[in-house]
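Q: sequence and computational prediction follow.
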Amino acid sequence: MIGIHPDNQAPALSDYNVYTSDPALRRAVERAGARWRDPELVRQGAEYGAEPTLRAAEEANHFEPELHTHSPIGERIDQVRFHPAWHAMMSMARRNGIANLPFFDDRPSAWSAYAASLYMHSQIESGSTCPTTMTKACIPLMRLNAPLYGVAGPLLASLEHDARDVPLTAKRSITVGMGMTEKQGGSDLRTNTTRAVPAGEGPWGAEYLLTGHKWFFSAPMCDGHLVLAKLDERGATCFFVPRWRPDGSKNAVHIQRLKDKVGNRSNSSSEVEFAEATGVLVGEEGRGISTIIEMATYTRLDCALSSAGFIRQAFAQALHYTRNRYAFGKALADQPVMTELLADMALESEAATLLAMDLAARFGSPDAADAAWRRVMTPVAKFWNCKRAVGLTGEAMEVFGGNGYVETGPMGRLFREAPVNSIWEGSGNVMCLDVLRAISRHPGDAQLVLDRLRDVATQAPAVLSQVDKLRDAISQPPEALEREARRFTQRLALVSQACLMLQHAGADASAAFVGSRFDPDWGPVIGISAGTRDPAALLRAAWA
Ligand SMILES: Cc1cc2nc3c(=O)[nH]c(=O)nc-3n(C[C@H](O)[C@H](O)[C@H](O)COP(=O)(O)OP(=O)(O)OC[C@H]3O[C@@H](n4cnc5c(N)ncnc54)[C@H](O)[C@@H]3O)c2cc1C
């Protein structure tokens, strides 16, 4: 018996609804109280899975952005030009609320509505989520400068994508990026060398001139970036550096070159020099790192959501392919070893989705307990989902056999996209150290998180014993825990996922998750044991 295609080739996964086919996502949206967004998410799900969208996503990555530093008559223009497919993806992201929804909709569940859209968009075209989610994350910071926000606020609130390279006052909407990383250090921002000197008052408040560079400066075509620079002895300060100065002249942000990246190829990332570029103050002088870290908290949530999306897409592609490809007399999906592997991927996908969506729901909550949860669990979820996405996308590529390892298909792009979420916005080790820092600064937060987890873990002795190990660990001095930071973070991630599965997944899936993830044999190879007697039932439950 062979597949429906005469050559036993699986047709591309296309014209499906990315939202309604994902029961765990839909339940998470409903649980968070975002049912009001359901019809719109159904529309978006159909749009994301439609063939023209998949083609645009492919083209936006195939026809890469190009840097044009000078005009034909030798003037500096510092423009990056994109294929129309990039703009189609940017328009879709913007229309679907990814650039602003939770900051312009007062309903706490707007965070979950937003999260669902980002999770879906990332599955289909991830490069465009970079400028879009940075724009969303900058909104609370831009509000710190009232005259600037007076101009920028309505442009940030817009659902239209306006790519024109013109001053803010002429735009219908804007995008904003962030510039922190320099050659000598990205994690250790205290080493930044870019300097700012006061330059009087302008329409957006105190102005400064910035001189220096940024080594990674994504989306340089944004209308402005939030940039860290040192202000004399006051130290690192956050500035809004626009592409066009308030007086309508071009700002001196010179793009040196675009990065030749492993993946994320639709999105432009650059190196820039500031040649006395104008910046305006955002937040307090000398408090730049803590100001800009607020933005990073939002983008770390985004990395956890987007990597959960990668894992879901890896699973969806693998399931579709193996149901349509035959070997040794039956569909690959029905071969016992493959069924086991797919079931394990389904568990991984549901647990990643729950971890990210639960965190997103807490971003909308005014509750102090949810604030504690955010502080501890944002770096945990960022670390774990991003790490797991790297392994899962590789495994899903292999499920396609040779067809996975060619560019004429979706798997290469998904695989190359995955590691970037783990690197930017705080790399793995930095996230684990951040978990320890959160715990040592607010010991009550960790206690509260572990108490909540313990309440659920009483249903599963294997999980409960891990909660007790975590409690023992936090009773040690933080320095003693540093070398154990990865082990501690992994344990906290797995315990949290297990508790979420016990609370919200089907009985078979939660039992299988606990049975496998807390089995001493569980390790780096995916699909050794999904820990269930009926893996096919898990697959039926994971895909509607
Ligand atoms: C595609 C892409 C786009 C990017 N876009 C932007 C952007 O728009 N704006 C921006 O500001 N940055 C951007 N970055 C930069 C990114 O945020 C940094 O690369 C990242 O923060 C790591 O900094 P680094 O490269 O200097 O590595 P380093 O800081 O040198 O770190 C190297 C390794 O050491 C580890 N490490 C660091 N400190 C410790 C420690 N104390 N203990 C143990 N291990 C440690 C890190 O986890 C990492 O694995 C981008 C990066 C990429 C790849």
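A: Sure thing, it's come through. Numbers count the residues shown, from 1 in each chain.
Q: drop to CA atoms for contacts and neighbour counts, all remaining ones
A: OK.
Q: what residues does the chain have near the ligand?
A: Contact residues (C-alpha under 6 Å from any ligand atom) of the chain with the ligand: 178-181, 185-188, 216-218, 269, 420, 423-430.
Q: mind saving the C-alpha coords of the helix or strand of the chain with the lowest mean pLDDT as PDB?
A: Scoring the helices and strands of the chain by mean pLDDT, DSSP states H and E places helix 478-481 at the bottom, with a mean of 84. Written as PDB, here are the backbone C-alpha positions of helix 478-481 (Å, rounded to 0.1, in the frame of the first residue of the first chain):
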ATOM      1  CA  PRO A 478      22.500  31.800  45.900                       C
ATOM      2  CA  GLU A 479      26.300  31.500  45.300                       C
ATOM      3  CA  ALA A 480      26.100  27.800  46.100                       C
ATOM      4  CA  LEU A 481      23.400  27.300  43.500                       C
END
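Q: that helix packs against which elements?
A: helix 428-441 (3 or more C-alpha pairs under 8 Å, 6 or more residues apart in numbering; DSSP states H and E).
Q: mind listing what's buried in the helix or strand following the helix it packs on?
A: Later in the chain than helix 428-441, the nearest helix or strand by DSSP states H and E is helix 443-457. Buried residues in helix 443-457, counted by 16 or more other C-alpha atoms under 10 Å: Asp445, Ala446, Gln447, Val449, Leu450, Leu453, Arg454, Val456, Ala457.
Q: in the helix or strand just after the least confident helix or strand of the chain, what's buried?
A: Following helix 478-481 in sequence order, the next helix or strand is helix 485-504 (DSSP H and E). Neighbour counts over helix 485-504 (16+ other C-alpha under 10 Å) mark 485-486, 488-502, 504 as buried.
Q: mind checking which of the residues of the chain next to the ligand are in helices?
A: Among these, the residues falling in helices (DSSP state H) are Val420, Ile423, Gly428, Asn429, Val430.
Q: who touches the closest residue to Arg437 other than its chain neighbours in this structure?
A: The spatial neighbour of Arg437 that comes closest, neighbours along the chain excluded (C-alpha to C-alpha, 6 or more residues apart in numbering), is Pro478 at 8.0 Å. By C-alpha atoms under 8 Å, 6 or more residues apart in numbering, the residues touching Pro478 are Leu436, Arg437, Ser440.
Q: state the distance from the last one to Gly426.
A: Using C-alpha to C-alpha, to the nearest Å, one obtains 19 Å as the distance from Ser440 to Gly426.
Q: quick one, which of the two is more surrounded?
A: Neighbours per residue (other C-alpha atoms under 10 Å) separate Ser440 from Gly426, with Gly426 holding more: 21 against 16.
Q: that one - nearest residue in space that isn't next to it in sequence?
A: Leaving aside its chain neighbours, Gly426 sits nearest to Ser187 (6.7 Å; criterion: C-alpha to C-alpha, 6+ apart).
Q: residue contacts, the closest residue to Gln497 other than its chain neighbours?
A: In space, and not counting its chain neighbours, Gln497 is closest to Ala351: 5.5 Å by C-alpha to C-alpha, 6+ apart. Counting by C-alpha under 8 Å, 6+ apart, Ala351 makes contact with Gln497, Ala498, Leu500, Met501.
Q: hmm, the second one is touching Phe513, no?
A: Yes. The pair Ala498 / Phe513 is scored as a contact, 6.8 Å apart, by C-alpha atoms under 8 Å.
Q: I'd like the average pLDDT over stretch 250-268.
A: What stretch 250-268 shows for mean pLDDT is 98.
Q: buried residues of that stretch, list them for me.
A: Residues of stretch 250-268 classed as buried: 250-255, 257-258, 263-268 (neighbour count, 16+ other C-alpha under 10 Å).
Q: thanks a lot, catch you later.
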